[in-house]
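Q: using only what follows, build the 3D model:
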Amino acid sequence: MASQHTPTIVLVHGAFANAGCWHKIIPLLRAKGYSVVASNCPLGSLAGDVTAVQQTIQMQEGPVLLVGHSWGGAIITEAGNEPQVCGLVYIAAAAPDTGQSFNDWWKDYPAAPGAPEIKPYGKDRFVLTLEGFRRFFAHDLATDEIELLYCTQGPYAAASNNELITNAAWRNKPSWSIIGEKDYMLALDLERAMAQRIKAETLVLNSSHVPMLSHPGEVADFIEKAAIELTGKI
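A: Numbers count the residues shown, from 1 in each chain. Purely as a prediction, here's the structure:
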């Protein structure tokens, strides 16, 4: 159970998503007594997404635990430099290093099985097909949940993948990582190597790319564990 000394938990969604992807996690964490906020990212650029999360952080009182999913991992890697941030939790997420882009982060690994299902949306953005959600992104969810994710996804600006991290916050702040063994949107070997590189305490789940939706109880408990470990250090 949270106390007055524990951090506020700020949740950061990734590409092809929105803040609604945390709808199962938020009530679980609030029931444990935590203050929780889900940031909405415009998905137009790394800089724009980082600014949105920084604004969310600055609106909170006291320390913040940042939680990022997928592309949201790159966002928290940069936004985590805010003085209020005391820790980072990566959920099926990227953690580029200083001077790296998202594309740099995964360039040495094979493309994920779901990559071909990413299609152009207008001039500058991309979306994931319904088949992509069904087979690669959220294949362990019920059909109605999968279709809702597809219908409400946030189109993503692919140019964001080339923007560089200026200062990787995980180099200076404690980190945790959740890996889905059936994640077909990121290479499993890459996620494991990343967790080791950032010295993250790691939870491996029998999950798709969206463990916060398919295993919400375990994810919420792991986030709480990180918050409890940080409380004694703040």
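Q: burial of C151, as a residue count?
A: C151 is flanked by 9 other residues according to other C-beta atoms under 10 Å. (Each C-beta comes from the backbone N, C-alpha and C, glycine too.)
Q: I meant V12, not that one.
A: Counted with other C-beta under 10 Å, V12 comes out at 34.
Q: check which helix or strand the nearest residue to it once chain neighbours are set aside maps to.
A: Spatial nearest neighbour of V12, excluding adjacent residues (C-beta to C-beta, 6 or more residues apart in numbering): G72 at 3.9 Å. Here G72 sits within helix 71-79, counting by DSSP states H and E.
Q: if we can go back for a sec, surely the residue nearest to V12 meets V10?
A: No - between G72 and V10 no contact is recorded; they are 10.4 Å apart, counting by C-beta atoms under 8 Å.
Q: higher neighbour count, those two?
A: Shown here are G72 and V10; by other C-beta under 10 Å, G72 has more neighbours (28 against 25).
Q: tell me who's in contact with the more buried one.
A: Counting by C-beta atoms under 8 Å, 6 or more residues apart in numbering, G72 touches 12-14, 41, 91, 93.
Q: for E229, see how far away G99 is.
A: 29 Å (C-beta to C-beta, to the nearest Å).
Q: who has more neighbours out of the two?
A: E229 (14 against 11).
Q: which non-adjacent residue is nearest that one?
A: That would be P174: by C-beta to C-beta, 6+ apart, it lies 7.5 Å from E229.
Q: spit out the contact partners of the one you found.
A: With C-beta under 8 Å, 6+ apart, P174 has these contacts: 86-88, 226, 229-230, 233.
Q: those in strands, which ones?
A: 86-88 (DSSP state E).
Q: hmm, I198 is touching S177, no?
A: Yes - at 7.3 Å, I198 counts as touching S177 under the criterion of C-beta under 8 Å.
Q: which other residues reach the lengthiest helix in the chain?
A: Across the chain, the helix with the greatest residue count (assigned by DSSP state H) is helix 216-231. Contacts of helix 216-231 with the rest of the structure, by C-beta under 8 Å, 6+ apart, involve 2-3, 5-7, 9, 24-25, 28-29, 32, 34, 63, 65, 67, 86-87, 89, 91, 174, 176, 178, 201, 203, 205, 211-212.
Q: bridging residues for the residue at minimal distance from the centre of the chain?
A: Central residue of the chain (C-alpha atoms, centre = their mean): H69, 1.5 Å from the mean position. Beta bridges link H69 to I91, judged by DSSP bridges.
Q: wait, isn't it in contact with I76?
A: No - the pair H69 / I76 is not scored as a contact, 9.5 Å apart, by C-beta under 8 Å.
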